[in-house]
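Colleague: after the sequence you'll find the predicted model.
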Amino acid sequence: MKPKKYILPIIVFAQFACTSLWFAGNAIVDQIPILKDNGSEYIGHLLSSVQLGFIIGTLTFALLMIADRFSPSKVFLTCSFLAAACNTIILLPNLSITGIILVRFGTGFFLAGIYPVGMKIAADYYEAGLGKALGYLVGALVLGTAFPHFLNGINWSTNYSFITKGTSALAVLGGLSLVIFVKDGPFRKPSQRLLLNATTNLFKIKQFKIAALGYFGHMWELYAFWAFVPVAFQYYNKLHESNESSPFVVFTIIAVGLLSCIIGGYIAIRKGSKKVAVISLLISGICCLCSPLLFQLPYPVFLSVFVIWGMVVISDSPQFSTLVAQAAAPELKGTGLTIVNCIGFAISIISIQLLAYLSEHIEIKFLFIPLAIGPLFGLFYLLKKSPNKL
């Protein structure tokens, strides 16, 4: 039986609404008075605290098998309320810098019950065509990632109180809409008890391990690429003594991934998720290796290549999540998706920090070459001959 047509749009809306706490929140942190006046050195810690909160949260949720032992839609609702509450606390008067860092950590922690749990809910509804469903879902995350650059382009990020209240309300609406309209899916098979070795046992499954390793390679490249796109365009402007870039350019390069995630999902129905992942990794890996040459190209060509790169750097993400969900036992899908997200986001912090260090020691045009390690690593495991077909 096919799910009702409104199921996927509701999941996608709820996902975007709740993850806006992460991305829009990052766009306004430097506008908070205590940070604007004397806390600039804490901005980096504040941005990292959300990422760290998400990693600790996903690790906790995975070890406790939260998404598999309890109703995923109720977990999503609870975490949307708690994440919105953490987000709103920032508006309290006389909140210290340490307090702000802690509540941003809390926001990231409870987002662990939103992003991977949203994928678990989709997997419980779309046993067939999961790659297409997750293409829309990851596309919502991509749009959320690009959103701060859009806000900066229209100068809305200067009104931090408005954005904080708006994103908190949006997250609550997203959680409510999901629990009201999207019940637990027909393919959900809940775990009856806590298995402390569940995560380690998942990695003993050949198909799961290969899909997870491919995802880790993808994550090595993804967030570091997104983080340093503005740096690349600033360097291009300096090199050519031009002023071509703007927040809308960066928004476009990231947001175009929404289209590639959706298109990749439809291709996966006919060609399979593995093929979409392989092609995406191959093209993005080539872009990494050829990146020094891009800065000598005319601006329209330079921009076009980065747009293509922005598409392929993310189009494999929903397909890796599909492969992970399909490889895990039905009662461990949520745990599998959550632990893979946890490790993947931890890897992304390492690659971002590496590029931040290298940006001060090498010429910017060579900065993206180390990101090729991720696609090459992913391709190595995806293309290895295995007795079990992925």
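Modeller: Happy to help now that I have it.
Colleague: report the contact partners of residue 149.
Modeller: When contacts are counted by C-beta atoms under 8 Å, 6 or more residues apart in numbering, residue 149 touches 247-248, 250-251, 254. C-betas here are computed from N, CA, C, even on glycine.
Colleague: and which of those is nearest residue 54?
Modeller: residue 254 (18.3 Å; C-beta to C-beta).
Colleague: correct me, but the closest one touches residue 142?
Modeller: Yes - between residue 254 and residue 142 there is a contact at 6.6 Å, judged by C-beta atoms under 8 Å.
Colleague: who's more crowded, these two?
Modeller: Neighbour tally, residue 254 and residue 142, criterion other C-beta atoms under 10 Å: the higher count belongs to residue 142, 28 against 24.
Colleague: ok, the residue nearest to that one when sequence neighbours are not counted - how many residues close by?
Modeller: Leaving out its chain neighbours, the residue that sits closest to residue 142 by C-beta to C-beta, 6 or more residues apart in numbering is residue 257, at 4.1 Å. Neighbour count for residue 257, taken as other C-beta under 10 Å: 28.
Colleague: if we can go back for a sec, among the contacts of residue 149, name the buried ones.
Modeller: 247, 250-251, 254 (16 or more other C-beta atoms under 10 Å).
Colleague: can I get those in a markdown table with pLDDT, secondary structure and distance to residue 174?
Modeller: Below are the buried ones among the contacts of residue 149 laid out as a markdown table (pLDDT from 0 to 100; DSSP: H, G, I helix; E, B strand; the rest coil; distance: C-beta to C-beta, whole Å):
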| residue | pLDDT | secondary structure | distance to residue 174 |
| --- | --- | --- | --- |
| 247 | 79 | helix | 25 |
| 250 | 87 | helix | 25 |
| 251 | 89 | helix | 22 |
| 254 | 92 | helix | 21 |
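Colleague: between the contacts of residue 149, which is closest to residue 136?
Modeller: Closest approach to residue 136 among the contacts of residue 149 (C-beta to C-beta): residue 254, at 16.8 Å.
Colleague: residues contacting that closest one?
Modeller: 142, 145-146, 149, 226, 229, 310 are the contacts of residue 254 under C-beta under 8 Å, 6+ apart.
Colleague: most neighbours among those residues, which one?
Modeller: Highest neighbour count within the contacts of residue 254: residue 142, with 28 neighbours (other C-beta under 10 Å).
Colleague: and the next helix or strand past the helix or strand encompassing it?
Modeller: Using DSSP states H and E, residue 142 maps to helix 130-154. Following helix 130-154 in sequence order, the next helix or strand is helix 160-181 (DSSP H and E).
Colleague: which residues touch the next helix or strand after that following helix?
Modeller: Later in the chain than helix 160-181, the nearest helix or strand by DSSP H and E is helix 198-202. Residues outside helix 198-202 that contact it (C-beta under 8 Å, 6+ apart): 62-63, 65, 191, 195, 208, 328, 332, 335-336, 339.
Colleague: again, 10 Å this time
Modeller: 59, 62-65, 68, 191, 195, 208-209, 212, 324, 327-329, 331-333, 335-336, 338-340, 342-343 (C-beta atoms under 10 Å, 6 or more residues apart in numbering).
Colleague: name the residues of that helix that come out as buried.
Modeller: 198-199, 202.
Colleague: now that helix, how far from the centre of its chain.
Modeller: 23 Å (C-alpha atoms, centre = their mean, to the nearest Å).
Colleague: so what's residue 15 up against?
Modeller: Going by C-beta under 10 Å, 6+ apart, the list of residues near residue 15 reads 76, 114-115, 117-119, 121-122, 136-141, 143-144, 174, 178.
Colleague: now it: which helix or strand?
Modeller: Using DSSP H and E, residue 15 falls in helix 7-28.
Colleague: pLDDT on that helix, on average?
Modeller: Helix 7-28 comes out with an average pLDDT of 87.
Colleague: now do that helix and helix 130-154, the angle between them.
Modeller: Here helix 7-28 points in a direction 30 degrees away from that of helix 130-154 (axes from the mean of the first three to the mean of the last three C-alpha atoms, to 10 degrees).
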